[in-house]
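Chemist: Task: produce atomic coordinates for the following.
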Amino acid sequence: MALSRKIVLSVAGNKLVSGFIKKYGMKMGAARFVAGEKLQEAIEQVKLLNKDGLVVTLDHLGEFVFDEQEALASTQACLDVLDAIQASGVTSNLSLKMTSLGLDLSKELCLKHMRLILDKARQYGNFVRIDMEDYAHLDVTLDIFNELKDEYGDHVGLVLQAYLYRVSDDMKTLDEKYENNNLRLVKGAYMESPDVAFPNKLDVDKNYLAIIEQHLLAGKFAAVATHDDMVINHVKAFVKKHNIPNSQFEFQMLYGVRPETQRQLVKEGYTMRVYVPYGNDWYGYFSRRIAERPANAFFIIKNMFRK
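Modeler: Below is the predicted model:
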């Protein structure tokens, strides 16, 4: 699986392939996973999801920026998302990557941009989720989150990754510090060294269940981000056994992935939040979705030959 993932990402990096997909990809099938290039297109998709009982987190695609102007543009895009959510009345919050806000340029610049975004989120009574990125950004991300959590309370949350050896300790520290600690729990998607992360999928799966249980038993809110039936069924059984209310957790899935399951979970009475990405910089995100499940490539190839 890891080899096929590497092959797909290598092909995606080819200039001819990337040029072709960037030109025709949205028509060929990328729209299955990306809710449009424009914010208003994404808002329309959010309305449809809300209509089916699904809640949403919107993400303006983009990661690394190379100057302050690009970081400011990404910050403005996040502010625009919060404005659009408020104006349209949709049920959605915001997810973001701090590298898109200038984290690699300076911590101070990133904090300045985060405060602009969180000021608006607090004004609107909304919530911002800080995505966790690769291991090199872990400590600075935790530092910034702690500083912002102290200032903005329940308006900001974080993602933690189960494939890291240290995740349980990081979670314990945060759960002991904050009475309300809304964490999005994921397995982890970056290629990390075995010095810091479990190389074996079975170990990651085991640790994922362990940190979900740890967080829920601490009485904190867990956003369980998974498409894995084993994890979903485990969480259902665990919360029932420990009398944990449905209001203390939600399931999360990616836009375009297992939509029938998403709607079934809503019918069963669970909160189901859909991660909805949009924006011009969709190619990298789209490539990772194909790499995670190469069978998706056949969906794209099929669309290439449609009239």
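Chemist: what's the spacing between residue 277 and residue 168?
Modeler: Note on residue 277: its distance to residue 168, by CB to CB, to the nearest Å, is 29 Å. In this view, the C-beta of every residue, glycine as well, is placed from N, C-alpha and C.
Chemist: These two - which one has more neighbours?
Modeler: residue 277 (24 against 16; other CB atoms under 10 Å).
Chemist: Which strand residues bridge the more buried one?
Modeler: Beta-bridge partners of residue 277, counted by DSSP bridges, are residue 59.
Chemist: My guess is it contacts residue 255. True?
Modeler: Yes - between residue 277 and residue 255 there is a contact under CB atoms under 8 Å: 6.6 Å.
Chemist: in the stretch 151-300 of the chain, which spans are helices?
Modeler: Secondary structure of the stretch 151-300 of the chain by DSSP state H, counting those that start in this stretch: the helices cover 167-177, 201-217, 229-241, 259-267, 283-292, 296-304.
Chemist: which of those helices sits most buried?
Modeler: Highest mean neighbour count of the helices of the stretch 151-300 of the chain: helix 283-292, a mean of 19 (counted as mean count of other CB atoms under 10 Å).
Chemist: Would you mind checking the average pLDDT for it?
Modeler: If you average the pLDDT over helix 283-292, you get 59.
Chemist: do the same with stretch 191-206
Modeler: Per-residue pLDDT values over stretch 191-206 give a mean of 96.
Chemist: how distant is that stretch from the center of its chain?
Modeler: What separates the centre of stretch 191-206 from the centre of its chain is 20 Å, taken as CA atoms, centre = their mean, to the nearest Å.
Chemist: same thing with stretch 231-243?
Modeler: Computed by CA atoms, centre = their mean, the chain-centroid distance of stretch 231-243 equals 22 Å.
Chemist: Only C-alpha atoms, please: export it in CSV.
Modeler: Listed next in CSV are the C-alpha coordinates belonging to stretch 231-243 (Å, rounded to 0.1, in the frame of the first residue of the first chain):
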residue,chain,number,x,y,z
VAL,A,231,-13.2,2.4,14.3
ILE,A,232,-16.8,3.6,13.9
ASN,A,233,-18.2,0.4,15.4
HIS,A,234,-15.7,0.5,18.2
VAL,A,235,-16.6,4.0,19.2
LYS,A,236,-20.3,3.2,19.1
ALA,A,237,-19.8,0.3,21.4
PHE,A,238,-17.4,2.2,23.7
VAL,A,239,-19.6,5.2,24.3
LYS,A,240,-22.6,2.9,25.0
LYS,A,241,-20.6,0.9,27.5
HIS,A,242,-19.4,4.0,29.3
ASN,A,243,-22.6,6.0,29.1
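Chemist: which sections of the stretch 201-307 of the chain are below the confidence cut-off?
Modeler: Confidence mapping of the stretch 201-307 of the chain against pLDDT under 70 gives the ranges 282-307.
Chemist: can you pull the buried residues of the lengthiest helix in the chain?
Modeler: If you go by DSSP state H, the chain has its longest helix at helix 68-88. Under the neighbour-count criterion of 16 or more other CB atoms under 10 Å, helix 68-88 has 70-72, 74-75, 77-79, 81-82, 84-85 buried.
Chemist: Counting by contacts, list what it packs against.
Modeler: With contacts taken as 3 or more CB pairs under 8 Å, 6 or more residues apart in numbering; DSSP states H and E, helix 68-88 sits against helix 39-51, strand 55-60, strand 92-96, helix 107-124.
Chemist: Report the mean confidence score over the helix or strand sitting right after the last one along the chain.
Modeler: Under the assignment DSSP states H and E, the closest C-terminal helix or strand after helix 107-124 is strand 128-130. Over the span of strand 128-130, the pLDDT mean works out to 98.
Chemist: thinking again about what came up before, same list, the helices and strands packed on helix 68-88, but as JSON lines with mean neighbour count and distance to residue 217 please.
Modeler: Listed next are those as JSON lines, based on neighbours: other CB atoms under 10 Å; distance: least, CB to CB, whole Å:
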{"stretch": "helix 39-51", "mean neighbour count": "17", "distance to residue 217": "31"}
{"stretch": "strand 55-60", "mean neighbour count": "24", "distance to residue 217": "24"}
{"stretch": "strand 92-96", "mean neighbour count": "24", "distance to residue 217": "25"}
{"stretch": "helix 107-124", "mean neighbour count": "18", "distance to residue 217": "29"}
